[in-house]
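Novice: Need coordinates for the following:
(4 chains)
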2 protein chains.
Amino acid sequence: MSRTSDACRSHCPINFVLETFGDRWTLLIVRDLMFKQKQTYGGFLESDEGISTNILAERLKRLEAHGIIERHGPKGQRQVYALTSKGRDLLPVMLEITAWSARHDAATNTPPGFLQAYEVNPDGVKAAILAQLDGDESGPGPD
Amino acid sequence: MSRTSDACRSHCPINFVLETFGDRWTLLIVRDLMFKQKQTYGGFLESDEGISTNILAERLKRLEAHGIIERHGPKGQRQVYALTSKGRDLLPVMLEITAWSARHDAATNTPPGFLQAYEVNPDGVKAAILAQLDGDESGPGPD
DNA sequence: ATCATATACTTGCAAAAAGCAAGTGAAATG
DNA sequence: CATTTCACTTGCTTTTTGCAAGTATATGAT
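Specialist: Here you go, the predicted structure:
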């Protein structure tokens, strides 16, 4: 299953993120938590890409072990997942990824206004998303 | 092997990068091209993480098919790989990844000065790296 | 109280991908 | 012209993924 600490291949910073996020699913969970206001197992399952239940359960464990997310709720019962500060700190990475895809995927889901808003005022976009993560219910996400 | 165009799971921008970079090796090749002045098959093989030859060959094909890199040289002979403009455009993503790892990996290889230099003057850091990609031989990379 | 339903997982197995070692073919080197 | 080097390919084993089904606990209706 998942080790608490995998043997790491190097301490190159690019490799460091790959050790946690170097697969096709993990970052989608972060996306759901960060941009889509999803915070339950069932919510993650509903996402368009169609993650399977065993993969989801394993990735949630890994993310928790790496300190990216934390789970709230009595064990065995309904859990509510949330990003830790280390997880929220991925926001600039997520926004740059979104901007790159918006530039290079002609069929992107990213709303038309995002790219320009982000280029003009990246800190404003970041602040808005952090505000809504902290319980605000209004404001746009990048997709 | 690798399809020219995989069936894509969604046009979410986060998913879009995962379709190309969602594995443990692909982004290391981009790193080598962007920061380590490596541009040959043999150079990529020497990197610390120890990619195997079949995986490297397949990833090079995929990256070329996705328009991230291009190969120069007569077919069957020694190739020189280079980032396309789409590939170079990943620089902001790579730098944010580097910054996140520098903040959260106590054992990071990232040189001590990088994080502050990047926070103070991100455009300067970007310009320096792009300059060295375009043939300049001096200047620092993030690792 | 009991039955159905929903949620949050776990388990089992087949298929795909990764990892390792060895092999191949063309070009550069001696 | 034999040897070495480089850039891959091939074969095989191990690991991971993907799908379907099952289980445990809670919640809601009769």
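
Novice: Can you show me the helices along chain A?
Specialist: For chain A, applying DSSP state H gives helices covering A:13-21, A:26-35, A:41-45, A:53-65, A:85-88, A:91-104, A:112-120, A:122-133.

Novice: And the residue nearest in space to the middle of chain A, what's its pLDDT?
Specialist: Closest residue to the average C-alpha location of chain A: A:Val30 at 1.5 Å, with C-alpha atoms, centre = their mean. For A:Val30, the pLDDT comes out at 97.

Novice: Who's the closest spatial neighbour of it, skipping the chain neighbours?
Specialist: In this structure, A:Val30 finds its nearest non-sequential neighbour in A:Leu90, 6.1 Å apart by C-beta to C-beta, 6 or more residues apart in numbering or on different chains. (Each C-beta comes from the backbone N, C-alpha and C, glycine too.)

Novice: dump the residue contacts of the one you found.
Specialist: Going by C-beta atoms under 8 Å, 6 or more residues apart in numbering or on different chains, A:Leu90 touches A:30, A:34, A:68, A:83, B:100.

Novice: The residues you listed also near DNA strand C: which ones?
Specialist: Among the contacts of A:Leu90, none lies close to DNA strand C by the criterion of C-beta under 7 Å from any atom of the strand.

Novice: export those residues to JSON lines and tack on distance to B:Gly73?
Specialist: As requested, the contacts of A:Leu90 are exported to JSON lines (distance: C-beta to C-beta, whole Å):
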{"residue": "A:Val30", "distance to B:Gly73": "39"}
{"residue": "A:Met34", "distance to B:Gly73": "42"}
{"residue": "A:Ile68", "distance to B:Gly73": "42"}
{"residue": "A:Leu83", "distance to B:Gly73": "45"}
{"residue": "B:Trp100", "distance to B:Gly73": "36"}
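
Novice: Is it possible to get JSON lines of the helices of chain A that adds distance to B:Lys38?
Specialist: JSON lines is the format used below for those (distance: least, C-beta to C-beta, whole Å):
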{"stretch": "helix A:13-21", "distance to B:Lys38": "13"}
{"stretch": "helix A:26-35", "distance to B:Lys38": "26"}
{"stretch": "helix A:41-45", "distance to B:Lys38": "37"}
{"stretch": "helix A:53-65", "distance to B:Lys38": "30"}
{"stretch": "helix A:85-88", "distance to B:Lys38": "30"}
{"stretch": "helix A:91-104", "distance to B:Lys38": "22"}
{"stretch": "helix A:112-120", "distance to B:Lys38": "31"}
{"stretch": "helix A:122-133", "distance to B:Lys38": "31"}
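
Novice: Identify whichever of those lies nearest to B:Leu56.
Specialist: In terms of C-beta to C-beta, the element of the helices of chain A nearest to B:Leu56 is helix A:13-21, at 15.1 Å.

Novice: near DNA strand C at all, the closest one?
Specialist: No - judged by C-beta under 7 Å from any atom of the strand, helix A:13-21 stays clear of DNA strand C, getting no closer than 10.6 Å.

Novice: neighbouring contacts of that helix?
Specialist: Applying C-beta under 8 Å, 6+ apart, the contact partners of helix A:13-21 are A:6, A:8-9, A:26-27, A:30, A:62-63, A:66, A:68, A:93, B:24, B:27-28, B:31, B:49, B:94, B:97-98, B:100-102, B:104-105, B:108-110, B:142-143.

Novice: From the residues you listed, list the buried ones, please.
Specialist: In the contacts of helix A:13-21, burial by neighbour count holds for A:9, A:26-27, A:30, A:62-63, A:66, A:68, A:93, B:24, B:27-28, B:31, B:94, B:97-98, B:100-102, B:104-105, B:108-110, B:142-143, counting by 16 or more other C-beta atoms under 10 Å in any protein chain shown.

Novice: Mind telling me which residue of chain A is nearest DNA strand C?
Specialist: A:Gly42 (2.8 Å; C-beta to the nearest atom of the strand).

Novice: what's around that residue, how many residues?
Specialist: 9 (other C-beta atoms under 10 Å in any protein chain shown).

Novice: returning to that earlier point: doesn't A:Ile68 make contact with the residue nearest to the centre of chain A?
Specialist: Yes - with contact defined as C-beta atoms under 8 Å, A:Val30 reaches A:Ile68; the gap is 6.9 Å.
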